[in-house]
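Enquirer: Requesting a structural model of the entry that follows:
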Amino acid sequence: MAGTKRKSGGGPSPPSTKRGKSNAKAAAAPSSAPDASSDPQEVLLSTSTSLFEYLERLPPRTLRSIYALPAPRGPTVAAAVIRSSCLTDMARQCALRLVACGGAFKVRNIVEGWIHRHGRRDALLALRRLEAMDILEPTLGLASRRGEDVEEEEENGDDKRKKLMGKDACLTPEFRDSMKLYLSTSSSSPWPTITRDQIDAFKNNGVDSKTDGKEGEKEKPSRDPPTRQELEAYTQSSWDSVLHFLVGSDDNDRKGIDGASDNPIEEPSDAVILFLTRIGLMQEDPDYTGSDRSRAPLVITSKGYEFMLRDINAQVWQFVLQYMNSLEHHEMKNEVRMEALSFLICLGSCRVGEGYHVSVLGKNKLARQVMKDFGKFGLLFVCRVAGKTAFYPTRVAVNLVASNERAGSRQSDVLGQSVAATRSLEEALDAPVPSRSHLAVIVQTNFQVVAYTRSKLHVSTLGLFCDVQSYRRLPNVIFFHITRDSIRSAFRLGVTADQILRFLLVHAHPMLRSGGQQLVPSNVRDQILLWDKERRRVTMDEVWVHQCRDAAEFAAVGQYASDSDALAWGAAHTNKLYIHFQKWEQVQTFIRKWRTKQLKT
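Expert: Residues are numbered from 1 along each chain as shown. Got it, this is the predicted structure:
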């Protein structure tokens with residue numbers, strides 16, 4: 001991007017506040033961003049941490065409208081919700097049985113006939129989750145739409161429980177019809193894929209369709225379908241460009257540690273830079289002293305440092321979430337939101353490497369616009385294949401939904417991400433020239449970090465919590481040391497101990513998993529957690545010190561201050577009281593009255 005400047009450097013440098021400059025167009029973006037705080041419903045949606053949590057927080061009418069979308073979107077969404085981690089195993093069984101039983105059944109028959117007598121609590125929890133996801137009609141009154149788990153029904157009394165058992169659990173017609181249609185569909189893909197026969201027929205005929213583009217628009221020539229390696233490189237390049245922009249990498253940094261000039265990473269587009277400012281990863285330089293604030297450089301924030309250590313699925317979701325938030329003031333926000341969510345979930349049912357012509361989206365202009373927008377985020381690879389415009393879902397698009405469909409503990413989630421990272425690493429190491437995207441970390445018991453990588457981006461990321469003075473490197477490996485000062489420096493930037501340990505677990509070297517070894521040594525893990533606890537070991541409290549005249553005054557004032565929650569600490573041997581500063585005037589007034597009363601007596 002013309003006019004963009006970056007802070008250069010030949011090696012790792014301590015993380016600083018200023019990381020780069022952007023042009024005036026990008027810097028002025030936050031002022032035009034919509035304010036999501038005007039509507040409580042939009043505020044609730046903007047804090048969603050996953051795709052299916054976002055669905056749960058949608059208004060009931062909107063979610064039911066998504067279920068009612070024509071095939072393949074509505075049925076695919078219904079099936080994805082059934083597979084998602086927001087439902088328990090028992091809830092899935094109940095939903096599928098209700099679909100097979102016509103959609104309605106007595107709660108008593110479900111609890112007593114389908115469920116073991118010791119599983120009554122689990123049965124009510126399952127019905128509660130089904131009602132929260134608008135799979136059941138809201139006639140049972142078991143849960144609100146906030147996704148909170150309510151306490152067991154025991155507290156509501158026998159009368160309410162008996163009344164509940166006599167009710168019917170009815171599937172919503174939108175979900176029932178879509179789920180029936182999905183169960184009767186033989187294909188696992190939401191759309192017909194581009195076949196080899198179509199590509200061969202086009203090559204033989206040589207006729208290139210021009211119907212996909214606008215009139216007068218010059219279409220790109222058709223090409224062969226992208227390979228899985230090409231899709232992976234495209235995805236990695238898209239997200240590396242964002243991370244490089246955050247850390248302020250110069251041109252040399254974008255070519256890797258060894259300065260290779262093949263496929264240098266480009267800067268993100270203006271649209272992506274606008275998103276970086278809107279979601280708070282970058283901001284205008286607060287130290288800029290120029291008269292024209294529109295030319296102020298963009299600098300990374302503490303939230304940006306936290307973003308760098310998150311896994312790619314969480315990073316992608318932040319972009320998708322901001323895309324949803326930007327629709328608050330759109331005149332067709334509900335329609336666009338429904339198209340975006342259904343399209344995203346359909347992508348989760350696709351396979352990486354399979355392509356689909358844009359014609360499968362029909363003449364829906366909103367769906368085609370959403371497709372173009374997702375292409376900017378690296379979710380789709382858009383090109384012309386067999387004479388027509390086509391899109392190829394990338395790994396991050398498929399995994400964004402799949403990662404939310406797997407229920408499990410936090411530890412299993414980390415291990416699942418580690419397995420995915422191991423698979424991509426092994427593919428990278430098998431290549432003749434290792435790519436810039438791979439990162440394999442070995443943490444030793446002496447706090448030395450060995451990282452196999454060729455990317456200066458990974459060097460900058462490790463420099464967030466490692467001692468940059470200990471940096472040493474070989475052609476494909478770098479060495480760092482974890483120290484107390486480096487960890488505390490990361491804490492000051494807003495990085496948490498949990499994020500550091502999660503980063504080390506996800507990017508652990510695959511050889512560490514072969515012999516049952518610990519991915520991060522226990523002494524290193526415990527020490528990082530102890531350094532984190534040091535920050536909360538001592539708390540500072542501003543106080544007002546009062547020297548009492550005698551023990552009687554100490555006892556009277558101390559008792560009053562304690563009753564008023566104003567007493568911070570008291571020393572009986574010196575007759576000193578330490579009062580919370582915000583309440584010192586209240587205590588001082590009592591002292592004057594008490595002393596006046598003592599003089600009169």
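Enquirer: The strand or helix carrying Val336: how far from the chain's middle?
Expert: Per DSSP states H and E: Val336 is located in helix 333-348. Chain-centre distance of helix 333-348: 18 Å, with C-alpha atoms, centre = their mean, to the nearest Å.
Enquirer: So which bits of that helix are buried?
Expert: For helix 333-348, the neighbour count (16 or more other C-beta atoms under 10 Å) marks 336-348 as buried. From N, CA and C alone the C-beta is placed, and that goes for glycine too.
Enquirer: before we move on, what about stretch 475-492?
Expert: Ile478, Phe480, His481, Ile482, Thr483, Ser486, Ile487, Ser489, Ala490, Phe491.
Enquirer: Likewise for stretch 347-356?
Expert: Buried residues in stretch 347-356 (16+ other C-beta under 10 Å): Leu347, Gly348, Ser349, Cys350, Val352, Gly353, Gly355, Tyr356.
Enquirer: for stretch 570-589, same thing?
Expert: Gly570, Asn575, Leu577, Tyr578, Ile579, His580, Lys583, Trp584, Val587.
Enquirer: same thing with stretch 391-407?
Expert: Residues of stretch 391-407 classed as buried: 391-405 (neighbour count, 16+ other C-beta under 10 Å).
Enquirer: What about the residues you listed, which are in strands?
Expert: Per DSSP state E, strands hold the following members of these: Phe391, Tyr392, Pro393.
Enquirer: any chance of the buried residues of helix 333-348 in CSV, plus pLDDT and distance to His244?
Expert: Compiled in CSV, the buried residues of helix 333-348 are given as follows (pLDDT from 0 to 100; distance: C-beta to C-beta, whole Å):
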residue, pLDDT, distance to His244
Val336, 87, 30
Arg337, 88, 31
Met338, 90, 34
Glu339, 90, 31
Ala340, 90, 27
Leu341, 92, 30
Ser342, 92, 33
Phe343, 93, 28
Leu344, 92, 26
Ile345, 93, 30
Cys346, 93, 31
Leu347, 91, 26
Gly348, 89, 28
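Enquirer: Columns distance to Thr185 on top of these, output as JSON lines?
Expert: Shown next, in JSON lines, are the buried residues of helix 333-348 (distance: C-beta to C-beta, whole Å):
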{"residue": "Val336", "distance to Thr185": "26"}
{"residue": "Arg337", "distance to Thr185": "25"}
{"residue": "Met338", "distance to Thr185": "21"}
{"residue": "Glu339", "distance to Thr185": "21"}
{"residue": "Ala340", "distance to Thr185": "23"}
{"residue": "Leu341", "distance to Thr185": "20"}
{"residue": "Ser342", "distance to Thr185": "16"}
{"residue": "Phe343", "distance to Thr185": "18"}
{"residue": "Leu344", "distance to Thr185": "20"}
{"residue": "Ile345", "distance to Thr185": "15"}
{"residue": "Cys346", "distance to Thr185": "13"}
{"residue": "Leu347", "distance to Thr185": "17"}
{"residue": "Gly348", "distance to Thr185": "16"}
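Enquirer: Check the gap between Leu127 and Lys167 for me.
Expert: Separation of Leu127 from Lys167 (C-beta to C-beta, to the nearest Å) stands at 10 Å.
Enquirer: Find residues that contact each of these two.
Expert: Listed as contacting both Leu127 and Lys167 by C-beta atoms under 8 Å, 6 or more residues apart in numbering are Val107, Leu140.
Enquirer: When the two are compared, which one has more neighbours?
Expert: Between Leu127 and Lys167, Leu127 has the larger neighbour count (other C-beta atoms under 10 Å), namely 24 against 14.
Enquirer: Helices of the stretch 101-250 of the chain, residue ranges please.
Expert: Per DSSP state H, counting those that start in this stretch, the stretch 101-250 of the chain carries helices over the ranges 107-109, 120-132, 157-165, 173-183, 196-205, 228-247.
Enquirer: Those: lowest mean pLDDT?
Expert: Of all the helices of the stretch 101-250 of the chain, the minimum mean pLDDT falls on helix 157-165 (a mean of 70).
Enquirer: between the buried residues of stretch 475-492, which is closest to Arg278?
Expert: Arg278 has its nearest neighbour among the buried residues of stretch 475-492 in Ala490, at 25.1 Å by C-beta to C-beta.
Enquirer: ok, so what distance separates Asn205 from Cys383?
Expert: 19 Å.
Enquirer: and if you look at Glu266?
Expert: 17 Å.
Enquirer: the more surrounded of these two?
Expert: Between Glu266 and Cys383, Cys383 has the larger neighbour count (other C-beta under 10 Å), namely 18 against 14.
Enquirer: Isn't that one up against Gly375?
Expert: No - with contacts counted by C-beta atoms under 8 Å, Cys383 stays clear of Gly375, the gap being 10.0 Å.
Enquirer: so where is the chain shaky, pLDDT-wise?
Expert: For the chain, applying pLDDT under 70 flags the ranges 1-38, 142-160, 206-219, 248-265, 328, 403-437, 515.
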